[in-house]
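S.K.: below is the sequence, then the predicted model.
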Protein chains: 2
Amino acid sequence: MPEGRSGGGVSRPNRSTVRIVGTGLIGASIGLALSHKGFRVLLTDPSPTAQALAADLGAGVVADGEPADVILVAAPPDVAAQVVVGQLTRWPNAVVADVASVKERVADDIRSLAEPGHLRRYVGSHPMAGRERSGAVAAQQDLFEGRTWVICPLPESDPEAVEAVHELATATGAAVTTMPAAEHDAAVAVVSHVPQLAASVVAAQLRELPEDAIALSGGGIRDVTRIAASDPMLWTQILAGNAGAVAPVLNRVIDRLTTVAAALAGLAGEASADGSRGAVARLISDGQLGHARIPGKHGAAPTNYATVIVPIPDEPGSFARLFNDVGDAGINLEDLRMEHGVGAMVGLIELSVVPAALDRLREVLEEKGWSVHE
Amino acid sequence: MPEGRSGGGVSRPNRSTVRIVGTGLIGASIGLALSHKGFRVLLTDPSPTAQALAADLGAGVVADGEPADVILVAAPPDVAAQVVVGQLTRWPNAVVADVASVKERVADDIRSLAEPGHLRRYVGSHPMAGRERSGAVAAQQDLFEGRTWVICPLPESDPEAVEAVHELATATGAAVTTMPAAEHDAAVAVVSHVPQLAASVVAAQLRELPEDAIALSGGGIRDVTRIAASDPMLWTQILAGNAGAVAPVLNRVIDRLTTVAAALAGLAGEASADGSRGAVARLISDGQLGHARIPGKHGAAPTNYATVIVPIPDEPGSFARLFNDVGDAGINLEDLRMEHGVGAMVGLIELSVVPAALDRLREVLEEKGWSVHE
C-alpha cells in the first residue's frame, strides 16, 4: 500500500498513484500529463486495444490489481455514473472523480446508485478541453495547459477528496475553478452545448448544396462549423445529459432567429418591412457585444488593455529585435497579434499591455527607433 | 490617354490604369495587390482621410481627374449601385465593376438607374474575402490570394468587360469563378450569411451571462463566434440586400433547431422522450456530413503554413527569448497567434512558418529548451 493511506478513510494526496478508467482522448491526455509530472498512472479501459495504445503512448501502465489513491473516470457521459459507483465499491479507500461534460445528471445518478457512505469519496469535475479528434491517438500531454478545469463537489464530498482532485487537475497545467453542478451545467449550455448545435445546424445546410455553391465557402463558415466535425455519439450523450439546461437557451436562440426571419421576409417584400433593418441590426450588434465579453488572457476582459501597432520589416530577426526591446524595458505583454501580408514588405504587430504601461511602452519603442501607431 | 483604349468602346485590358472607388478594407487590399503587380491604381474615397491613408499604405495614388480602363467600386452594399451608375456616367469608356457581397439586388438597382446603353460596361463581382477588422488600416496585399472571386455578368455585359474584370481578379491572386447573380446569392446565403446570423445569435446569449459562466468559454465558442465581431452596419446591409435568399435558409435552420428543442424537452422529462436521442444525433451527424463537404484548400488560408505551439511563461522577456531563438536561427515567421488560457500562468504561442522550415524550427526551439507542440 502506498504511504500516506489510512485504512478506510480518504487518503491524502501524495503524488503517488492515480488510476485512469477510460483511455480515450481525455483519459490518455490526463495520463500523459500526470506521468510527465511524476505520478504513477495506472490505465484501465474496457477495450484492451485502447488500453494498450494509451500505455504505449506513455500515458501510464496497465496494472489491474494495484490500488490507487485517486481514480479518474474518463468514461463516456452516459456510463460515467455507473463506472464511478463501480470504482467507489471496488476501491473503498480511493477518491473517485469523473470528468464528464455534464455534472448534475451524473451526480444525481451516482447519488441514486451508490451507497450513501461512499459519496464523500466522490468529486465531480470537468476539464474544459477537447479536440475534434478522439481516442488515445489524439491525446496530448499539454491538452489541459492553460485550460479551465471545473470541480463540482457534492455537498457530501470530503474536503480532502476535493483537494486531491484539485491537486491532480493543477498538475496537468489546468486552472481549477469550483462551482455547483447546476451552475456549471447552465454555463456550458451557453458556452459549449448551444454553440455545438449552432455549428451543426449551419453545417447540416451544406449537405444538399451544389458543389459550385460549396466552393464559395470561406474562412467564416470554416470557423463557425469547425466543431461540427465532432463525434455525434458523444455529443448526443452530452446534450441528452444536459437537456434541461440546454433547452431554454436553445429556445431563446430560436426566438431571436424567428424575429430576424420575419424581418428578412419583410425586407424581401413578403411582409411589412417596418423596423426590419432594426431587428437585423440588433441581433448583429448584440452578438458583437456578447462576443466582446469572451475573456482574454487570465480571464480579464479583452478591452482592458491598451494597444499599439508597430510595423516591422519582413525579415528574420525583426520579431526578436522588437521583443528584446520590450523585454529589456521590463514590460509584460498581455497580448500580441500579427497583421502580416505574405509578400508584403512590412508586418504590423499589435502589442497589448495594461494601460499603466502604455506610455512607457511607446517611449521605449520610439527610443529604439520603432514607429508606433495607435 | 493610356495606350490600347479605343474611343467610345470597351477598352482592352492592358495592365495600365485601374480606379478604386472606396478605400476601405476591400478597396485598399485590391489596391495593394494590383499596385504590387504593376498596375497603375488611382484611389477615390468620399473620406479624404481614408483616401490619404490608403495612398500612404501603398494602395495607389490620388489622381482625381485621370481616366482609368477599369473602375472597381468597393463601396458599402447599400450605395454600390448608385456609385456604379455614377461612374458609368462619368467615365463613358471605362468598364465598371462592383465588389458587393450581394449581387442580384445591386444588379436590379443598376438596371433601374443606369442608361440601358451603359449596362454592357458593367460587371458584378464578389471577392470572397474579408476580415473582422475594417478600413484601409486592416488591408492586406494578399487578402485575395487563394480565395474565390465570383464574377456575375449581366446578360448585357460585354465579354471584353467581363474579361477585363477577370484579369484584375486573377492578378490579385484570387481564383475566379463565374455564375449568375441569383445562384451566387443563394450560395452565400448558406455559406456566409446564415453562418453570420448563427455566430451572432450564439454570441448574443453571452450578453447577460454571469462572469463565472463566461470564464468557461473555450476554443469551441471562440471559433463559432469569431465572425460575430463583425460590423453590424455592414452586415445589416448585406442581410437586407440578400433577404430573399437568406430567409428560406434561416427558416430551415429554425425548423431543425425547433425539432431538437422538442427532443431536449423530452429528454429533460418535460415531454415524451420517444425518438429524442435520434433527433439530436441526426442533427449532429448531418452537421458532420455537411462539414466534411467543405473543400480543403479552395478559399482556405492563403498559404498552407506549418504550425507549432509553444507554451511560454507569463513574465516580461519571455516573448523576446522565444523570438530571439527563432531569429538567431534565421527562420522567418509567416504568422503568429497567441492563445489565452483563463487564469493560466502560461500563454500558448502559435508560430507559422513555410513547411520547409518546420523541422529546423522544431529543432532550434527544442535545443533552446522550449517545449514544442503540433
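M.R.: Yes, it's here.

S.K.: can you classify the residue of the stretch 101-250 of chain A at minimum distance from chain B by secondary structure?
M.R.: Using Cβ to the nearest Cβ, the closest approach of the stretch 101-250 of chain A to chain B is made by residue A:146 at 2.3 Å. C-beta: built from backbone N, CA, C; applies to glycine. Recorded secondary structure, residue A:146: coil (DSSP: H, G, I helix; E, B strand; the rest coil).

S.K.: could you check how far it is from residue A:127?
M.R.: Residue A:146 sits 12 Å away from residue A:127, going by Cβ to Cβ, to the nearest Å.

S.K.: what touches both of those two?
M.R.: Residues touching both residue A:146 and residue A:127 by Cβ atoms under 8 Å, 6 or more residues apart in numbering or on different chains: residue A:174.

S.K.: where does the stretch 251-374 of chain A dip in pLDDT?
M.R.: Confidence mapping of the stretch 251-374 of chain A against pLDDT under 70 gives the ranges A:296-305, A:314, A:316, A:338-348, A:374.

S.K.: picking up where we left off before, count of neighbours near the residue of the stretch 101-250 of chain A closest to chain B?
M.R.: Residue A:146: 23 surrounding residues under other Cβ atoms under 10 Å in any protein chain shown.

S.K.: now do the buried residues in the helix ranked longest in chain A.
M.R.: For chain A, the longest helix by residue count, based on DSSP state H, is helix A:243-267. Across helix A:243-267, burial judged by 16 or more other Cβ atoms under 10 Å in any protein chain shown covers A:243-250, A:252-254, A:256-257, A:260-267.

S.K.: would you map the strands across the stretch 251-374 of chain A?
M.R.: A:306-313, A:335-340, A:346-353 (DSSP state E, counting those that start in this stretch).

S.K.: just send those back as a markdown table, with mean neighbour count and distance to chain B too.
M.R.: What follows is the strands of the stretch 251-374 of chain A, written out as a markdown table (neighbours: other Cβ atoms under 10 Å in any protein chain shown; distance: least, Cβ to the nearest Cβ, whole Å):
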| stretch | mean neighbour count | distance to chain B |
| --- | --- | --- |
| strand A:306-313 | 17 | 8 |
| strand A:335-340 | 18 | 5 |
| strand A:346-353 | 20 | 8 |
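
S.K.: residues in the stretch 1-150 of chain A within reach of chain B, list them.
M.R.: Contact residues (Cβ under 8 Å from any Cβ of the partner chain) of the stretch 1-150 of chain A with chain B: A:128, A:129, A:130, A:140, A:142, A:145, A:146, A:147, A:148, A:150.

S.K.: if we use 6 Å, what do you get?
M.R.: For the stretch 1-150 of chain A, the contact set with chain B under Cβ under 6 Å from any Cβ of the partner chain comprises A:128, A:142, A:145, A:146, A:147, A:148.

S.K.: just those now: which is nearest residue B:286?
M.R.: Closest approach between these and residue B:286, by Cβ to Cβ: residue A:128, at 26.1 Å.

S.K.: contacting residues for the closest one?
M.R.: Contacts for residue A:128 (Cβ atoms under 6 Å, 6 or more residues apart in numbering or on different chains) come out as A:147, A:148, B:216, B:218.

S.K.: one more pass at 7 Å, please.
M.R.: A:147, A:148, A:149, A:150, B:216, B:218 (Cβ atoms under 7 Å, 6 or more residues apart in numbering or on different chains).

S.K.: which non-adjacent residue is nearest it?
M.R.: Closest residue to residue A:128 apart from its sequence neighbours, by Cβ to Cβ, 6 or more residues apart in numbering or on different chains: residue A:148 at 4.5 Å.

S.K.: quickly list what that neighbour is bridged to.
M.R.: residue A:175 (DSSP bridges).

S.K.: what about it, how many residues nearby?
M.R.: Count around residue A:148 with other Cβ under 10 Å applied: 23.

S.K.: can you list contacts of the helix or strand containing residue A:196?
M.R.: If you go by DSSP states H and E, residue A:196 is part of helix A:194-204. Outside helix A:194-204, the residues within contact range by Cβ under 7 Å, 6+ apart are A:221, A:224-225, A:227-228, A:230, A:235, A:246, A:249-250, A:253, B:194-195, B:198, B:202, B:205, B:220-221, B:224, B:253, B:256-257, B:260, B:283-284, B:286-287, B:290-291.

S.K.: off-centre distance for it?
M.R.: A distance of 18 Å separates the centroid of the chain from that of helix A:194-204, by Cα atoms, centre = their mean, to the nearest Å.

S.K.: what pLDDT, on average, does that helix get?
M.R.: For helix A:194-204, the mean per-residue pLDDT is 98.

S.K.: could I get that helix in PDB with only the CA atoms?
M.R.: This file holds the C-alpha atoms of helix A:194-204, laid out as PDB (Å, rounded to 0.1, in the frame of the first residue of the first chain):
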ATOM      1  CA  VAL A 194     -25.700  25.500 -27.800                       C
ATOM      2  CA  PRO A 195     -22.600  26.600 -29.900                       C
ATOM      3  CA  GLN A 196     -22.300  22.900 -30.900                       C
ATOM      4  CA  LEU A 197     -25.900  22.800 -32.100                       C
ATOM      5  CA  ALA A 198     -25.400  26.100 -34.000                       C
ATOM      6  CA  ALA A 199     -22.300  24.800 -35.700                       C
ATOM      7  CA  SER A 200     -24.000  21.500 -36.600                       C
ATOM      8  CA  VAL A 201     -27.200  23.100 -37.900                       C
ATOM      9  CA  VAL A 202     -25.200  25.500 -40.100                       C
ATOM     10  CA  ALA A 203     -23.000  22.700 -41.400                       C
ATOM     11  CA  ALA A 204     -26.100  20.500 -42.000                       C
END
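
S.K.: what angle do that helix and helix B:194-204 make?
M.R.: 170 degrees (axes from the mean of the first three to the mean of the last three Cα atoms, to 10 degrees).

S.K.: what angle sits between helix A:194-204 and helix B:243-267?
M.R.: If you take the same axes, to 10 degrees, helix A:194-204 sits at 130 degrees to helix B:243-267.

S.K.: next secondary structure after helix A:194-204?
M.R.: Past helix A:194-204, the next helix or strand by DSSP H and E is helix A:211-214.
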